[in-house]
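Participant: let me see the structure of the following:
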Amino acid sequence: MFSWIGNLVHGISAADPVEEARNASESRLLSDAEIDHLVAIFQSLQSTTNKADFETVEKWVKQKSGSEAIAQSFVVCMWSSMLSNSVPALSNSGIASEASVSMRDFVVSVALCSRGSWSARRQMVLSLAKDSLELASIVGSVLSLFTNQQSPTACHVVTPRFAKFLVKQSNASKSESDPFDHAPKDAIPDIQTVELWAPKARLMNELWNALFGAIFFDAQAQSRQIPTIMHSEPLLLSTEDLFVLSSNIKPLSRASLSSSSLTPIQETWQLIYSTETHGKSWGSLTSRIEAAGTLLILIRDTQGHTFGAYASSPLECCPRFFGTNDTFLFTLEPDLRIFRDVGVNSNYMYFNYGTATLPNGIGFGGQLGYFGLWIDSSFSFGSCSASPTSSTFESPKLCAPGYGDGRFEIDVMQVILVHPKEVDDRLVPERVKRGGASILSSNPVESALLEMAGKERFSYE
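Facilitator: You can find the predicted model right below:
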């Protein structure tokens with residue numbers, strides 16, 4: 001009858017630990033199912049005292065993340081959470097060796113690290129990395145979750161140029177509210193000001209969320225998957241490049257897909273032209289890319305710089321500029337950079353041939369004869385005009401600086417079909433829909449002449 005006295009004496013220890021975890025204000029960042037999942041994890045780690053010692057938690061996080069640095073920093077985050085709730089037992093030298101954590105503080109720490117603001121994550125970030133580039137390298141190691149690999153650990157080795165791109169995203173444009181207005185546009189942000197720049201680093205946020213989703217919720221990257229590219233030769237772009245480029249390209253419409261499905265959609269792109277396979281031939285190029293769909297054009301010049309353009313509309317022969325503001329230019333090597341429309345003009349794309357008074361080739365941005373990127377129909381040269389930047393995309397000279405006038409020589413060029421052009425079914429002949437005879441089969445004389453001329457025949461049906 002006096003059991004309530006015991007509850008008063010033991011105070012918080014008498015409370016239901018699961019209810020404590022659920023009722024914490026920070027737990028509102030998580031769904032009920034996610035809280036249940038974390039409760040189950042904690043119960044597998046806890047001792048008979050309804051607490052888990054830090055060493056056990058650290059070992060578990062290290063096993064899930066594949067990173068000792070992440071595991072140690074999460075423990076610091078847990079300790080910080082406990083201190084904010086006036087939990088004693090911290091020595092001035094750091095975390096007590098016998099320290100243990102309650103279910104509530106474990107759940108709160110996961111909630112703040114995975115779903116909280118960057119201000120809430122600051123303690124963990126400062127413990128995790130000495131500078132912003134190291135932070136990007138650690139967070140970027142989870143990139144494998146965005147591929148068709150099934151590894152749940154952070155195992156991708158981040159290149160310096162990718163780490164640089166992740167942190168410089170936050171300083172990609174200038175505004176009055178930009179905390180880096182006082183710094184050069186290419187400045188690397190300070191780790192101490194992470195709560196100011198990290199919220200604007202979109203891909204850094206995406207990778208961070210994927211990292212903690214994989215560690216604590218056994219989740220693959222739910223937002224998107226890096227496209228698979230069908231190809232028969234080495235590509236001019238890496239997994240990191242593909243992650244960045246695909247994040248700037250609108251995905252296919254998914255209206256027909258079930259909205260309840262949590263399975264990420266992985267698109268398939270296709271290499272449709274390469275100078276290595278098809279030669280430096282304008283006819284060969286146009287026959288494969290004209291009206292094909294949206295395209296990713298990759299160029300490596302003879303000095304080793306790699307750059308290109310995304311054509312957001314199918315290339316149709318036209319003596320004037322066309323396209324949409326989803327078109328952009330980019331560099332991959334030696335630096336990874338994206339140059340999008342800045343609203344100065346609508347000179348996005350140009351594709352023309354067979355004329356005597358207008359440029360013949362493929363162009364992006366700038367003005368006629370002064371393109372941000374130009375591929376001449378002669379294939380003898382290309383050019384990147386900028387003084388110091390091209391107007392449409394505010395892009396500098398994309399090619400190697402060794403080409404003083406911006407003209408470059410193509411070493412390798414590849415074109416990837418991203419989204420095939422949609423065809424109105426009403427315009428397709430009925431015999432084609434029924435699988436009827438092809439044009440060659442219905443015209444035997446013309447077919448015979450083509451064969452006599454040595455032209456390759458691709459269809460007999």
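Participant: do you know how far Leu145 is from Phe364?
Facilitator: Summarising the geometry, the distance separating Leu145 from Phe364, computed by CB to CB, to the nearest Å, is 32 Å. No exception for glycine: its C-beta is placed from N, CA and C like everyone else's.
Participant: my bad, should have said Gln123
Facilitator: Here the criterion is CB to CB. By it, Gln123 lies 45 Å from Phe364.
Participant: okay, those two: which has more neighbours?
Facilitator: Between Gln123 and Phe364, counted using other CB atoms under 10 Å, the more crowded position is Phe364 (31 against 21).
Participant: what helix or strand is the more buried one on?
Facilitator: Using DSSP states H and E, the secondary-structure element containing Phe364 is strand 361-367.
Participant: can you list contacts of the next helix or strand after that strand?
Facilitator: Where DSSP H and E defines the elements, the next helix or strand beyond strand 361-367 is strand 370-376. Defining contact as CB atoms under 8 Å, 6 or more residues apart in numbering, one finds that strand 370-376 is touched by 297, 299, 307-309, 329, 339, 350, 359-366, 382-386, 390-393, 395, 398, 410, 413.
Participant: strand 370-376 pairs with which strands?
Facilitator: Using DSSP bridges, strand 370-376 pairs in its sheet with strand 361-367 (antiparallel), strand 382-383 (antiparallel).
Participant: run the chain-centre distance for it.
Facilitator: Averaging C-alpha positions (CA atoms, centre = their mean, to the nearest Å) puts strand 370-376 27 Å from its chain's average.
Participant: what is the mean pLDDT for that strand?
Facilitator: Taken as a whole, strand 370-376 has a mean pLDDT of 96.
Participant: then stretch 18-29?
Facilitator: Mean per-residue pLDDT for stretch 18-29: 89.
Participant: so where's the stretch 201-350 of the chain shaky on pLDDT?
Facilitator: Screening the stretch 201-350 of the chain residue by residue with the criterion pLDDT under 70, one finds the ranges 220-224, 252-265.
Participant: same question, the stretch 1-150 of the chain
Facilitator: In the predicted model, the stretch 1-150 of the chain carries pLDDT under 70 at residues 1-15, 83-98, 148-150.
Participant: the same query, at a cut-off of 80, please.
Facilitator: When residues are selected by pLDDT under 80, those of the stretch 1-150 of the chain lie in 1-15, 48, 80-99, 147-150.
Participant: helices of that one, residue ranges please.
Facilitator: Per DSSP state H, counting those that start in this stretch, the stretch 1-150 of the chain has helices spanning 3-10, 17-23, 32-45, 54-65, 68-84, 103-115, 118-128, 132-140. These are given in chain order.
Participant: could you tell me the angle between the fourth one and helix 68-84?
Facilitator: This points to helix 54-65. For the pair helix 54-65 and helix 68-84, the angle between their directions (axes from the mean of the first three to the mean of the last three CA atoms, to 10 degrees) equals 140 degrees.
Participant: A helix includes Leu271, no?
Facilitator: No. Following the definition DSSP: H, G, I helix; E, B strand; the rest coil, Leu271 is strand and is not counted among the residues of a helix.
Participant: next up, the contacts around it.
Facilitator: The contact partners of Leu271, by CB under 8 Å, 6+ apart, come to 229-233, 235, 414-417.
Participant: if I look at it, how far off is Ser312?
Facilitator: Between Leu271 and Ser312 the distance is 19 Å, computed by CB to CB.
Participant: Tyr353: neighbour count?
Facilitator: Count around Tyr353 with other CB under 10 Å applied: 15.
Participant: for it, what are its contacts?
Facilitator: The neighbourhood of Tyr353, defined by CB under 8 Å, 6+ apart, consists of 282, 286, 317, 360-361, 377.
Participant: please report the distance of it from Ile375.
Facilitator: With CB to CB as the criterion, Tyr353 and Ile375 are 11 Å apart.
Participant: can you check Ser232 too?
Facilitator: Ser232 is 23 Å from Ile375, by CB to CB.
Participant: so for those two, which residue has more residues nearby?
Facilitator: Counted by other CB under 10 Å, Ser232 and Ile375 do not tie: Ile375 has more neighbours, with 24 against 8.
Participant: so what pairs up with the more buried one in the strands?
Facilitator: Ile362, Gly382.
Participant: what about the residue nearest to Gln43 when sequence neighbours are not counted, neighbour count?
Facilitator: Of all residues not flanking Gln43 in the chain, Met103 sits nearest, at 7.9 Å (CB to CB, 6 or more residues apart in numbering). Met103 has 25 neighbouring residues, counting by other CB under 10 Å.
Participant: what do you get for the one 4 residues further on?
Facilitator: Counted with other CB under 10 Å, residues neighbouring Val107 total 28.
Participant: which residue is the nearest non-sequential neighbour of Asn209?
Facilitator: Spatial nearest neighbour of Asn209, excluding adjacent residues (CB to CB, 6+ apart): Ser114 at 6.9 Å.
Participant: correct me if wrong: that neighbour contacts Phe216.
Facilitator: Yes. With contacts defined as CB atoms under 8 Å, Ser114 counts as touching Phe216 at a distance of 6.4 Å.
Participant: between the two, which has more neighbouring residues?
Facilitator: More neighbours surround Phe216 than the other of Ser114 and Phe216, with 24 against 20 (other CB under 10 Å).
Participant: need the nearest residue in space to that one, chain neighbours excluded.
Facilitator: Beyond its immediate neighbours in the sequence, the residue positioned closest to Phe216 (CB to CB, 6+ apart) is Val110, lying 5.2 Å away.
Participant: do Val107 as well
Facilitator: Closest to Val107 by CB to CB, 6+ apart is Ala21, at 4.2 Å.
Participant: surely the one you found meets His37?
Facilitator: No. Ala21 sits out of contact with His37 when judged by CB under 8 Å, with a separation of 11.7 Å.
Participant: neighbour count: these two, which is higher?
Facilitator: Counted by other CB under 10 Å, Ala21 and His37 do not tie: Ala21 has more neighbours, with 23 against 17.
Participant: buried deepest among the helices of the stretch 1-150 of the chain, which one?
Facilitator: Per-stretch averages of neighbours, counted by mean count of other CB atoms under 10 Å, single out helix 103-115 among those, with a mean of 25.
Participant: can I get that helix as PDB, trimmed to CA atoms?
Facilitator: Coordinates of each C-alpha in helix 103-115 appear next as PDB, following Å, rounded to 0.1, in the frame of the first residue of the first chain:
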ATOM      1  CA  MET A 103      16.800   5.000 -23.400                       C
ATOM      2  CA  ARG A 104      15.500   8.500 -23.400                       C
ATOM      3  CA  ASP A 105      18.800  10.100 -24.100                       C
ATOM      4  CA  PHE A 106      19.700   7.500 -26.700                       C
ATOM      5  CA  VAL A 107      16.500   8.200 -28.600                       C
ATOM      6  CA  VAL A 108      16.800  12.000 -28.200                       C
ATOM      7  CA  SER A 109      20.400  11.900 -29.500                       C
ATOM      8  CA  VAL A 110      19.400   9.900 -32.600                       C
ATOM      9  CA  ALA A 111      16.500  12.300 -33.200                       C
ATOM     10  CA  LEU A 112      18.700  15.400 -33.000                       C
ATOM     11  CA  CYS A 113      21.500  13.900 -35.200                       C
ATOM     12  CA  SER A 114      19.300  12.500 -37.900                       C
ATOM     13  CA  ARG A 115      16.400  15.000 -38.000                       C
END
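Participant: nothing else from me, thank you.
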